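Asks: return atomic coordinates for the entry below.
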Amino acid sequence: MREVTAAIIRRNGKILICRRADGSCAHLWEFPGGKTEPGETPFDCLTRELREELSIDIKPLREYCRSIHSELSFVFIEAEIASGEPQLSVHEEMKWVKPEELTEFEWCPADKPVAEKLSQ
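Replies: Got it, this is the predicted structure:
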């Protein structure tokens with residue numbers, strides 16, 4: 001089963017979310033991340049993906065939760081930005097939102113339960 005990692009990044013009481021531009025879940029919101037390459041740990045994958053997609057270096061902190069959706073295994077990891085400021089490259093939009101606002105967005109199906117859990 002293919003593994004996907006996603007970051008829960010908090011700053012000043014808000015969480016970073018991104019809206020997909022193209023592909024599956026186009027124009028829906030997600031926690032940034034991507035597919036794990038062979039031999040990569042989830043932390044390594046997340047570090048690579050966020051450098052590629054948002055031009056930031058992160059410090060993975062801990063696993064938040066796991067889930068399975070559409071034959072993909074998802075690992076959600078809490079992380080903090082070590083350096084850089086998020087820049088759009090593959091997403092069409094990004095926002096920092098308060099946890100209680102997370103349920104106001106239209107989410108990719110795999111991310112929706114995590115957004116709901118974080119909003120409580």
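
Asks: ok, now which ones touch F76?
Replies: F76 makes contact with T5, A6, A7, I8, F31, E63, Y64, C65, R66, S67, V114, according to Cβ atoms under 8 Å, 6 or more residues apart in numbering. Glycine gets a C-beta too; all of them are placed from N, C-alpha and C.

Asks: please repeat the previous calculation with a cut-off of 10 Å.
Replies: Contact analysis of F76 by Cβ atoms under 10 Å, 6 or more residues apart in numbering lists 4-8, 31, 33, 42, 46, 63-67, 110-111, 113-114, 117-118.

Asks: so how do I select the buried members of these in ChimeraX?
Replies: Entered in ChimeraX, the line below selects the buried ones among the contacts of F76, by 16 or more other Cβ atoms under 10 Å:
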select :4,5,6,7,8,31,33,42,46,64,110,111,114,118
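
Asks: quick one: which of the contacts of F76 sit in strands?
Replies: Assigned to strands by DSSP state E, the following of the contacts of F76 qualify: V4, T5, A6, A7, I8, G33, E63, Y64, C65, R66, S67.

Asks: and those, which is closest to D57?
Replies: D57 has its nearest neighbour among those in A7, at 12.0 Å by Cβ to Cβ.

Asks: would you mind measuring from the residue of the chain most remote from its centre to C45?
Replies: Going by Cα atoms, centre = their mean, the residue of the chain most distant from its centre is G39, 20.4 Å out. The gap separating G39 from C45 is 10 Å, by Cβ to Cβ, to the nearest Å.

Asks: G84 now?
Replies: 18 Å.

Asks: what about the two, which has more around it?
Replies: Neighbours per residue (other Cβ atoms under 10 Å) separate G84 from C45, with C45 holding more: 22 against 13.

Asks: give me the nearest residue to the more buried one, chain neighbours excluded.
Replies: T36 (4.2 Å; Cβ to Cβ, 6 or more residues apart in numbering).

Asks: now do the phi/psi pair for the residue farthest from the centre of the chain.
Replies: phi 90, psi -10 (degrees, to the nearest 10).
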